[in-house]
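Chemist: dropping the sequence and predicted coords here.
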Amino acid sequence: MERCGWAGDDPLYHAYHDDEWGVPEFDSRALWEKLILEGYQAGLSWITILRKRDSFREAFQGFDPNVIATWGAAEVEELLQNPGIVRHRGKVEATITNARVWQGIEAKEGFARYLWSYVDYSPIQTDWSALSQVPAQTEISQAISKDLKKKGFKFCGPTITYAFMQAAGLVNDHLTTCPCHKPVAEMGQKSASV
């Protein structure tokens, strides 16, 4: 069995694929971080984001949305000078906006509960055997994207949202030929703790 072809040859990519991607995540803050990083990936390769992830975590105070929600223009300008992250004004400003949106969802129902409700609190299990079968977006990612945008979230189109769903384990899109498919599927059979 071979790991999913998108993981390429980079050891960092292999570790991410083998240990993180598709593993069901139920922590609200961690889910928010994954969604934010998927937004930064728009127009770039995921390996670029992985290589900068530690710098992102440092620059964004461990991706604590309660801290980031208090930021303003001064923090934006400081971040735009940081070569360790993706310096895109729109994405940096959106991160602050998205932290505030996260606070609202978290206070009302819990960000994790909100997201997992779209898949009935259990990961969708797929049986793709080729990368060409894996969709770029689905009706569920379109629905999540639409609702997040309605709430004020930025950089969360349906393709970004589907990539997030894959990364956060809301859907198991490891190929059936990948050694991670079965273990991730078994993780999904355990009850969600949201």
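Modeler: Happy to help now that I have it. Given the structure is predicted, the values throughout are model-derived calculations rather than measurements.

Chemist: and S193, what's its pLDDT?
Modeler: As predicted, S193 sits at a pLDDT of 60.

Chemist: with K190 instead?
Modeler: pLDDT at K190 comes out at 73.

Chemist: ok, now which ones touch the nearest residue to P123 once chain neighbours are set aside?
Modeler: Closest residue in space to P123, ignoring its immediate chain neighbours: G188 at 3.6 Å, by Cβ to Cβ, 6 or more residues apart in numbering. Where you see a C-beta, it was placed from the backbone N, CA and C, and this is true even at glycine. Taking Cβ atoms under 8 Å, 6 or more residues apart in numbering, we find G188 in contact with P24, S122, P123, Q125, G169, N172.

Chemist: out of these, which end up buried?
Modeler: The neighbour-count test (16 or more other Cβ atoms under 10 Å) marks P24, P123, G169, N172 as buried among the contacts of G188.

Chemist: relative to A59, which of these is nearest.
Modeler: Set against A59, the nearest of those by Cβ to Cβ is G169 (25.7 Å).

Chemist: so that closest one sits against V23, correct?
Modeler: Yes - counting by Cβ atoms under 8 Å, G169 touches V23, with 5.1 Å between them.

Chemist: what residues are shared contacts of the two?
Modeler: What both G169 and V23 touch, as defined by Cβ under 8 Å, 6+ apart, is the set V184, M187.
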